[in-house]
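A.B. asks: Pasting the sequence and the predicted coordinates here, then a few questions.
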2 protein chains.
Amino acid sequence: MNHFFHVRAVHSSGARLGVLQTKHGSLHTPFFMPIATRGAVKTLSNIELNDIQNHVDSTTDPIVLSNTYHLYLKPGLDVLRVSGGLHQFMNWKGTILTDSGGFQIFSLAHLRKLSSDGVEFQSHIDGSTHVITPEKSMEIQSVIGSDIWMAFDYFPGYPATREESEHSVALTTAWAKRCKQWFDEYLSQKEVGTHQLFSIVQGATFEDLRKQSAQELIALDCNGYAIGGLAVGEPVEKMYNAIETVVPVLPPDKPRYLMGVGLPEQILEAVKRGVDMFDCVIPTRNARHGSLFIHEENSSHLIDASLSSVHYTRINMKAERYSKDTLPIDAHCTCVACVSGFSRAYLRHLFSINEPLAARLATIHNSTFYLTLMHEIRQHIRCVA
Amino acid sequence: MNHFFHVRAVHSSGARLGVLQTKHGSLHTPFFMPIATRGAVKTLSNIELNDIQNHVDSTTDPIVLSNTYHLYLKPGLDVLRVSGGLHQFMNWKGTILTDSGGFQIFSLAHLRKLSSDGVEFQSHIDGSTHVITPEKSMEIQSVIGSDIWMAFDYFPGYPATREESEHSVALTTAWAKRCKQWFDEYLSQKEVGTHQLFSIVQGATFEDLRKQSAQELIALDCNGYAIGGLAVGEPVEKMYNAIETVVPVLPPDKPRYLMGVGLPEQILEAVKRGVDMFDCVIPTRNARHGSLFIHEENSSHLIDASLSSVHYTRINMKAERYSKDTLPIDAHCTCVACVSGFSRAYLRHLFSINEPLAARLATIHNSTFYLTLMHEIRQHIRCVA
């Protein structure tokens, strides 16, 4: 029984429609979380971010993902404490999910020393030495004050041998237990429903390890389960296979979160395999580089009712071919960047002079695209199920 | 008689209150023009820019200055033509003033060859060779389609000898004549009131040359007169002296525009010497570097009724001292950056991670500060005169 999550409909494809309740909102699943790495979705203000989410679907509440590792290093816990937590610091009234810091430590930081206790590493910013244990990850997330916390996990990198993957699963389980213990104790002094703890299934592309990892974490009765260590370079079939392996093991009444995925068609495929939550840098990072997701020319919808495929095109807004194109970015989009009179020619000009407004308009557009994709997916689950 | 400009009040100090009419608005003078160098005020969208101007004083219409030299090089005339001019290209419904290109050519471009006909130079972007004559400057501004055009002038650099300054005045007068001729011919095929031509008084810090320059240009009966070649490194007293020399020569029924000035106290001093229009990169450029203009702690007003001085402080938002400061930027400011819940600590953090939102919030604030300064100046001229 999970008081924070209810599945409302299941599509014939396996896609689920649900509601996730946090202290800061009711969120309809499946949903996508824009990434506010260090307390800001790059180029956007909280006001724009909220407007985008509200514009696409005002019936569901907004959410962002923020990075524990990055926030711990900058602005640091002292500043976050004085500021009353991340919600107040970044002035965000919606839900915040924080990752555990594990993925960044094992992919960004330098000179890592791994032990069963935790990991010592050097900051990628200034080389300073830090130790993060499962308990420390929980403490950091308590200072951040996010609504959804992720248990500290060990990502072995890609590709990982079977031995490394076994080690990753064992450590991740042991650390998740310690996280759960810290979390339960912390929560016992708090109002019910203040925070939720998700843990992260590892196991690389080894089916038995994925199942083992999931089963061990389920025993901890977390509020939700993430599938981690994917979208790191493996073939897309391996990713789908891992999802298909893990999802049937996970409890049907808990939300399932696929971390770091992905392209629109990958999100759709994961939704059809029963995934409820997503985050990815693709829409925002691509936007900053001028790569925009738009509707196919003759289609005002991204998804058909049978959820069979996503219809979209990517355009490179920096290309010379758009220098005299007076059309808006996407004729079928109603975001501020598309309906306020900004032409492709103007956007291309802004990119060519490195004007930050270019990246901002592009980020508004791509974020709207991703949220619209999720909205359409939800609409079709609602209709057909 | 000038149908585009009316002086409504003159303060005992010499400050004037007026209205400048363009095809795109009624503008109360004295006013300040934010700089949209290449079709965008750096970090801001046209929507924000309009909101800022409207928020500070909804009784006067918005204006920006854009740079002929920069727009000519990028996006170039072909793109501007296809886009229907700069208003449509940058999606700006307010007034646009364009400078002549002269100042940039003589301060930014390389390998200049000056002749009585015009100037050949190499682009500071790609080294390509271009020739700008007075006629070409007019043609470019006609393609841009700005409301107020500046006659092509020759700025001799600072410091300039008497001989160089004489040459500057002579060429500027000769070129202004050719501009006026081109402009009158062009305008004869247009609706009345579509465009206005201002010319630029040169003469460095030589009083007799300043007077001569003003008198020669007045004979051309332009729609307004600018004082150019100041705020280029000369002592501030020399600047005030040049204004005091030129203003009495200028016709009282034409607007007076002091180019490139300046700090708040310099603007106030110039207003008291009868200047009506200003532009300067200070508020926006300082903002991008974290230097913010704020009210003095105990004063909700920037200017006293006697227009004696400006009460303000500058703070460096990047300084460590603000890292835990949960106050807004400026307690007496009502701009979006100050009233939406953004703390100094958050802004400092955004600067420290090079997040473009930092420069944007700072630009919104500093632009609001400058427009508020002008609004308060106008209010006091209205009250006391």
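C.D. replies: Cool, got the structure. Residues are numbered from 1 along each chain as shown, chains lettered A, B, ... in the order given.
A.B. asks: And what about A:Val19, helix, strand or coil?
C.D. replies: Following DSSP: H, G, I helix; E, B strand; the rest coil, the label given to A:Val19 is strand.
A.B. asks: Let's verify A:Ser26: helix, strand, or coil?
C.D. replies: Under three-state DSSP, A:Ser26 comes out as strand.
A.B. asks: Please apply the same query to A:Ile243.
C.D. replies: When classified by three-state DSSP, A:Ile243 comes out as helix.
A.B. asks: For it, give me its contacts.
C.D. replies: By C-beta atoms under 8 Å, 6 or more residues apart in numbering or on different chains, the contact set of A:Ile243 is A:Ile227, A:Leu230, A:Leu258, A:Ala270, A:Arg273, A:Gly274, A:Val275. From N, CA and C alone the C-beta is placed, and that goes for glycine too.
A.B. asks: Distance check, the closest residue to the fifth one other than its chain neighbours against A:Gln196.
C.D. replies: Right, A:Arg273. Sequence neighbours aside, A:Ile243 is the residue nearest to A:Arg273 in space, at 4.7 Å (criterion: C-beta to C-beta, 6 or more residues apart in numbering or on different chains). Taking C-beta to C-beta, to the nearest Å as the measure, A:Ile243 falls 22 Å from A:Gln196.
A.B. asks: what about the helices in the stretch 251-385 of chain A?
C.D. replies: A:264-272, A:282-288, A:336-339, A:344-352, A:356-384 (DSSP state H, counting those that start in this stretch).
A.B. asks: Averaged pLDDT, the longest one. What do you get?
C.D. replies: So the one you mean is helix A:356-384. Mean pLDDT, helix A:356-384: 95.
A.B. asks: who's in contact with A:Pro134?
C.D. replies: A:Gly118, A:Ala151, A:Phe152, A:Trp175, A:Ala176, A:Arg178, A:Cys179, A:Trp182.
A.B. asks: quick one: which of those is nearest B:Leu108?
C.D. replies: Lowest distance from B:Leu108 to the contacts of A:Pro134 (C-beta to C-beta) belongs to A:Phe152, with 53.4 Å.
A.B. asks: Surely that closest one is within a strand?
C.D. replies: No. Counting by three-state DSSP, A:Phe152 is located in no strand; its state is coil.
A.B. asks: A:Gly101 is in contact with that one, correct?
C.D. replies: Yes. With contacts defined as C-beta atoms under 8 Å, A:Phe152 counts as touching A:Gly101 at a distance of 6.6 Å.
A.B. asks: Against A:Ser100, how distant is the residue in the stretch 101-250 of chain A that chain B sits nearest to?
C.D. replies: Nearest residue of the stretch 101-250 of chain A to chain B: A:Ile125, at 9.5 Å (C-beta to the nearest C-beta). From A:Ile125 over to A:Ser100 the distance is 19 Å, taken as C-beta to C-beta.
A.B. asks: confidence score at A:His124?
C.D. replies: Here the pLDDT value assigned to A:His124 is 87.
A.B. asks: try A:Asn2
C.D. replies: So, for A:Asn2, pLDDT stands at 60.
A.B. asks: can you check the one 4 residues further on too?
C.D. replies: The pLDDT attached to A:His6 in the predicted structure is 97.
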